[in-house]
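J.: Let me see the structure of the following:
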Amino acid sequence: VCSCNAVTRGQICTAIAARDLRTVAQVDQAGRHEAKGMQDLLPTLTTLFGNGWLVTLDAAYTERELTTRIDEAGGAYLVPLKNNTRSLKEWAKFAFTYPAHDHFVDVERRSGEIWERRTSVITGAQVPEEIKEGLCGVQTLIRREHQVTRRDGIQRVEVRYAVSSLLLTAQEAERIWRGH
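T.: Numbers count the residues shown, from 1 in each chain. Got it, this is the predicted structure:
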């Protein structure tokens, strides 16, 4: 299950789509913050999928209240740590100055470019307490380095961080993140 925002008849909605991209639930945000619209969908997700569903969310959803509600509803999440959660992102950067538990490398060639993704995870007790206190149920801290080498040899590197309430391997984290 993943979430996205959509515009329907001029209104911004939060929608939930299954892996086959069917929309399974949608709610009008009615001018509210996106996370509030998402909270309205949680009972529907539990009704549709029972316990054990997963949502991958954009940075706008990275907040304790929502991650707590997802956990209470029987679901799990993967959310990015960006500048709207600057202190959590800084703790993530610090945590990865130490060796990670697991690594996964994925290399893809497309249109003459080389795309290399290096995903690392820190799990369980090694996740900084400051991150666990900031978001409910964090079990996995994820670092993803994405390097693109163009045909002319110019390289671009981005490093991103995320957390999940699931205990994930680096390969699982990469698969879920790419599927978002």
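J.: Please make it C-alpha for all contacts and neighbour counts, starting now.
T.: Noted.
J.: ok, which stretches of the protein are helices?
T.: 34-49, 64-72, 86-95, 129-134, 170-179 (DSSP state H).
J.: wouldn't Thr85 be in contact with Tyr61 here?
T.: No: the criterion here is CA atoms under 8 Å, and Thr85 misses it with Tyr61 at 10.4 Å.
J.: Of these two, which one has the most company?
T.: Tyr61 (19 against 15; other CA atoms under 10 Å).
J.: how far away is the more buried one from Pro80?
T.: 9 Å (CA to CA, to the nearest Å).
J.: What of Glu130?
T.: 16 Å.
J.: So what's the residue count around Tyr77?
T.: Neighbours around Tyr77, by other CA under 10 Å: 23.
J.: show me what contacts it?
T.: 54-57, 67, 70, 164-166 (CA atoms under 8 Å, 6 or more residues apart in numbering).
J.: Count residues in the vicinity of Leu48, would you?
T.: Residues near Leu48, counting by other CA under 10 Å, number 12.
J.: I meant Arg151, not that one.
T.: Neighbours of Arg151 using other CA under 10 Å come to 11.
J.: do the one 4 residues further on as well
T.: For Gln155, the number of neighbouring residues by other CA under 10 Å comes to 13.
J.: let's number from 591 now, not from 1
T.: Let's use 591 as the start, then, which means that last one is Gln745.
J.: thought it was touching His736?
T.: No: between Gln745 and His736 there is no contact under CA under 8 Å: 10.3 Å.
J.: Can you give me the pLDDT of the most far-flung residue of the chain relative to its centre?
T.: Here the chain reaches farthest from its C-alpha mean at Asp742, the gap being 32.0 Å by CA atoms, centre = their mean. Listed pLDDT for Asp742 reads 94.
J.: Give me the phi and psi for it.
T.: phi -80, psi 10 (degrees, to the nearest 10).
J.: Of all the helices of the chain, which one comes closest to Val749?
T.: Val749 sits nearest to helix 676-685 of all the helices of the chain, at 9.6 Å, using CA to CA.
J.: For that closest one, which helices and strands make contact with it?
T.: Other helices and strands packing on helix 676-685, by 3 or more CA pairs under 8 Å, 6 or more residues apart in numbering; DSSP states H and E, are helix 719-724, strand 745-754.
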